[in-house]
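Undergrad: Whatever this is, show me its structure:
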Amino acid sequence: MACWVILFVGALVTQTKLICPACRKDADGSKGGFCPECGVERMKAMGFWDVFQQCRACGKKLVHGRGGRRYKIRYCRQCGAYLDSDGV
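TA: Below is the predicted model of the structure:
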């Protein structure tokens, strides 16, 4: 029983969200209006059934793969606030 509790707590700890200091929301929200790469509010839905978004300004496609997301988060997806130059 103790092993299951340790595994459950470990899973919760590894799934932490990146919280924006400006708006206090999830900076990598799946349907945010701002591009996490360039910070511009010009996103459009792409793909079959709109499964991913693409920035109209920089052209970055926001897709998730097996290893996680295929883009860096430099700006908050919810409010467009600048977060980091290197990206996370």
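Undergrad: Going by C-alpha atoms from here, please, whenever you check contacts or count neighbours.
TA: Fine.
Undergrad: In this protein, mark out all the strands, start to finish.
TA: Along the chain, the segments classed as strands by DSSP state E run 43-46, 52-55, 61-62, 64-65, 68-69.
Undergrad: Those into CSV, with extra columns for mean neighbour count?
TA: As requested, those are exported to CSV (neighbours: other CA atoms under 10 Å):
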stretch, mean neighbour count
strand 43-46, 16
strand 52-55, 20
strand 61-62, 20
strand 64-65, 10
strand 68-69, 10
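Undergrad: Next, format those strands as CSV and append mean pLDDT and distance to K25.
TA: Listed next are those as CSV, based on pLDDT from 0 to 100; distance: least, CA to CA, whole Å:
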stretch, mean pLDDT, distance to K25
strand 43-46, 83, 19
strand 52-55, 87, 19
strand 61-62, 88, 19
strand 64-65, 78, 20
strand 68-69, 80, 18
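Undergrad: Between the ones you listed, which one is closest to D26.
TA: strand 68-69 (14.7 Å; CA to CA).
Undergrad: Which strands or helices does the closest one pack on?
TA: For strand 68-69, not one helix or strand is in contact under the criterion 3 or more CA pairs under 8 Å, 6 or more residues apart in numbering; DSSP states H and E.
Undergrad: Geometric centre of the chain: which residue is closest?
TA: By CA atoms, centre = their mean, the chain has its centre lying nearest to D28, at 2.4 Å.
Undergrad: my guess is that residue meets I73, correct?
TA: Yes - here D28 reaches I73: they are 7.2 Å apart, a contact under CA atoms under 8 Å.
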